[in-house]
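Peer 1: Structure here, sequence nowhere to be found:
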């Protein structure tokens, strides 16, 4: 007989008897036996006809299962020798953290432990920081050209900590107990978020932000995006444009599925927002607006009342009260026309002694802040239904944008000169207060200002210039310099909005797209 049919099975039996796991060898040997058996007699061919499941079955166990043997008992001297050999080969075994009641390892606290690995050559390596442009920021003097490896590491770490903040999770500590009193094991056994949203801090200077799939990628607008708004209690986003359509999307950053679209055949939509009673309000350059019930899928046209019909020939400038009480429309001759959200009925008017360009609701004071063409900012008390305070917006001929922080402590006023002045609310006690900070990074008419949900940042934009958007850190009133860049494809931004948790920033532009950015500080 051919030698493979005798030698290979014998070698295989020898390896299996020695406790080796060799399923791959067994398969190879079985294939070789089959090949060799094709040249043998008719009786050997009959043996090859046996099913593979039987022919390939090991003698002692299933394929892939090692043969278990009892470990031989070692004497005391042999155990000592085995331990010494293992220590010399693999190092001494350190006691685990569970062997002691205190959260330390091997009797040392985490702060006392040395680094896991250090390269002794770091001290002798020299890095030239003068020839590489991205390393020149590490220089402390212009004459500095070469750094030692250890010094280079320290400066890179210092630059990282300055931009992104020190990584507290990488700092060794003596205990695994958290500040809230719960251990790490307790946190891992819980489904709650480890980082509470109220504890998230946005640092000044650098903003970690990235672009994700466009919010309206499923169905872009066929005209300029006039309005982008998030629902206040969900991930629903609406877009509205002059193509007479309001579109709703479910925003998750990955799919952003389209939920619904509503077409108004007689209304090119210029402003739209979610109401507080499961409805969407849409308005345009018409003497009426629409209320769309999301649950009943029914649109209702609401006309201006007779008392205000002459002033409300166009209801395109609409603002929605986040508390769910009012809708306010900017009318001719400085009038503010208030409607009730629930009944859609006109309620009252307030006269401002100048043409009003913009308003913002102050939910903390039950008031409306209005900016006018005379460069003044006025506060309207909704209980008294009258102007109660006013102050001049420093350096402004016309006040074109207003925003109030969520806690009501600050308000921002944008002007036609491209300046955003940040005021404390105590500014209403003076007729000509000085702003806490003047943001002068934009040079054209400010068309909108939006605060994040916690007031840690706000965004300002202008429609008159390409890529004219700035994000500002509220506490320091400084602009995030790293975004947007010259490569950020914002185009001409006409509207923007933060999501309810400020994780997403949506920007609608003149191309009909709604760009979506993920702010990682809130993720």
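Peer 2: Good, I have the coordinates. The structure presented is a predicted model; accordingly, all values stated were derived computationally and were not measured.

Peer 1: Show me the shaky parts of the protein.
Peer 2: Residues of the chain meeting the criterion pLDDT under 70: 1-78, 80-82, 84-118, 162-199.

Peer 1: tell me the helices in it, going along the chain?
Peer 2: 4-17, 23-37, 42-48, 52-55, 76-90, 149-164, 184-188 (DSSP state H).

Peer 1: How about the contacts made by the closest residue to residue 304 other than its chain neighbours?
Peer 2: Nearest residue to residue 304 in three dimensions, chain neighbours excluded: residue 312, at 3.8 Å (CB to CB, 6 or more residues apart in numbering). Where C-beta positions appear, they are placed from N, C-alpha and C, glycine not excepted. Shown in contact with residue 312 (CB atoms under 8 Å, 6 or more residues apart in numbering): 287, 304, 329, 331, 332, 337.

Peer 1: now with 7 Å?
Peer 2: 287, 304, 329, 331, 337 (CB atoms under 7 Å, 6 or more residues apart in numbering).

Peer 1: got it, and residue 240?
Peer 2: 226, 227, 246, 269, 272, 282.

Peer 1: Would you mind putting the residues you listed into a markdown table with distance to residue 365 and neighbour count alongside?
Peer 2: Listed next are the contacts of residue 240 as a markdown table, based on distance: CB to CB, whole Å; neighbours: other CB atoms under 10 Å:
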| residue | distance to residue 365 | neighbour count |
| --- | --- | --- |
| 226 | 29 | 21 |
| 227 | 26 | 21 |
| 246 | 31 | 25 |
| 269 | 31 | 28 |
| 272 | 26 | 28 |
| 282 | 28 | 24 |
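
Peer 1: out of those residues, who's nearest residue 211?
Peer 2: Nearest to residue 211 among these is residue 227, at 21.1 Å by CB to CB.

Peer 1: The closest one: what's it in contact with?
Peer 2: 240, 269, 271, 272, 495.

Peer 1: which ones are touching the closest residue to residue 465 other than its chain neighbours?
Peer 2: Residue nearest to residue 465 in three dimensions, not counting chain neighbours: residue 444, with 4.8 Å by CB to CB, 6+ apart. Counting by CB under 7 Å, 6+ apart, residue 444 touches 418, 462, 464, 465, 468.

Peer 1: Just the buried ones from the residues you listed?
Peer 2: Neighbour counting over the contacts of residue 444 (16 or more other CB atoms under 10 Å) leaves 418, 462, 468 as the buried ones.

Peer 1: now these as JSON lines including distance to residue 316?
Peer 2: Rendered in JSON lines, the data for the buried ones among the contacts of residue 444 read as follows (distance: CB to CB, whole Å):
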{"residue": "418", "distance to residue 316": "23"}
{"residue": "462", "distance to residue 316": "19"}
{"residue": "468", "distance to residue 316": "22"}
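
Peer 1: any idea how far residue 393 is from the residue lying closest to residue 420 once chain neighbours are set aside?
Peer 2: Closest residue to residue 420 apart from its sequence neighbours, by CB to CB, 6+ apart: residue 439 at 4.1 Å. As judged by CB to CB, to the nearest Å, residue 439 and residue 393 stand 13 Å apart.

Peer 1: Who has more neighbours out of those two?
Peer 2: Using other CB atoms under 10 Å as the criterion, residue 439 and residue 393 rank with residue 393 on top: 26 against 22.

Peer 1: which residues touch the more buried one?
Peer 2: Shown in contact with residue 393 (CB under 7 Å, 6+ apart): 375, 376, 377, 399, 413, 415, 421.

Peer 1: which of the residues you listed are the two that sit furthest away from each other?
Peer 2: Across the contacts of residue 393 (CB to CB), the longest gap, 12.4 Å, separates 376 and 421.

Peer 1: Please say which of these two ends up with more neighbours.
Peer 2: Set residue 376 next to residue 421 and count neighbours by other CB under 10 Å: residue 421 wins out with 25 against 21.

Peer 1: which residues does the more buried one bridge with?
Peer 2: Residue 421 has these beta-bridge partners by DSSP bridges: residue 413, residue 438.

Peer 1: returning to that earlier point: can you tell me which of the contacts of residue 312 lies nearest to residue 361?
Peer 2: Among the contacts of residue 312, and counting by CB to CB, the member closest to residue 361 is residue 329, at 13.5 Å.

Peer 1: Residue 242 versus the closest one, what's the distance?
Peer 2: Taking CB to CB, one finds residue 329 at 19 Å from residue 242.

Peer 1: What of residue 365?
Peer 2: In this view, residue 365 and residue 242 are 35 Å apart by CB to CB.

Peer 1: returning to what we had before: need the contacts of residue 444 in a markdown table (columns: distance to residue 387).
Peer 2: Below are the contacts of residue 444 laid out as a markdown table (distance: CB to CB, whole Å):
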| residue | distance to residue 387 |
| --- | --- |
| 418 | 27 |
| 462 | 28 |
| 464 | 30 |
| 465 | 33 |
| 468 | 32 |
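
Peer 1: Now flag whichever of the residues you listed is closest to residue 207.
Peer 2: Nearest to residue 207 among these, with distances taken as CB to CB, is residue 468, at 17.4 Å.

Peer 1: show me what contacts the closest one?
Peer 2: Contacts of residue 468 (CB under 7 Å, 6+ apart): 442, 444, 461, 462, 493.

Peer 1: Reformat these as JSON lines; add distance to residue 294.
Peer 2: Listed next are the contacts of residue 468 as JSON lines, based on distance: CB to CB, whole Å:
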{"residue": "442", "distance to residue 294": "36"}
{"residue": "444", "distance to residue 294": "36"}
{"residue": "461", "distance to residue 294": "28"}
{"residue": "462", "distance to residue 294": "32"}
{"residue": "493", "distance to residue 294": "27"}
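
Peer 1: I figured residue 469 hits residue 463, correct?
Peer 2: No - using CB atoms under 7 Å as the test, residue 469 is too far from residue 463 to be in contact (10.5 Å).

Peer 1: what about these two, which has more around it?
Peer 2: With neighbours defined as other CB under 10 Å, residue 469 and residue 463 compare such that residue 469 has more, 21 against 18.

Peer 1: Would you mind measuring from the more buried one to residue 459?
Peer 2: Taking CB to CB, one finds residue 469 at 6 Å from residue 459.

Peer 1: got a list of what the nearest residue to residue 488 once chain neighbours are set aside touches?
Peer 2: Using CB to CB, 6+ apart and skipping residues adjacent in sequence, the residue nearest residue 488 is residue 467, 6.5 Å away. Counting by CB under 7 Å, 6+ apart, residue 467 touches 484, 488, 490.
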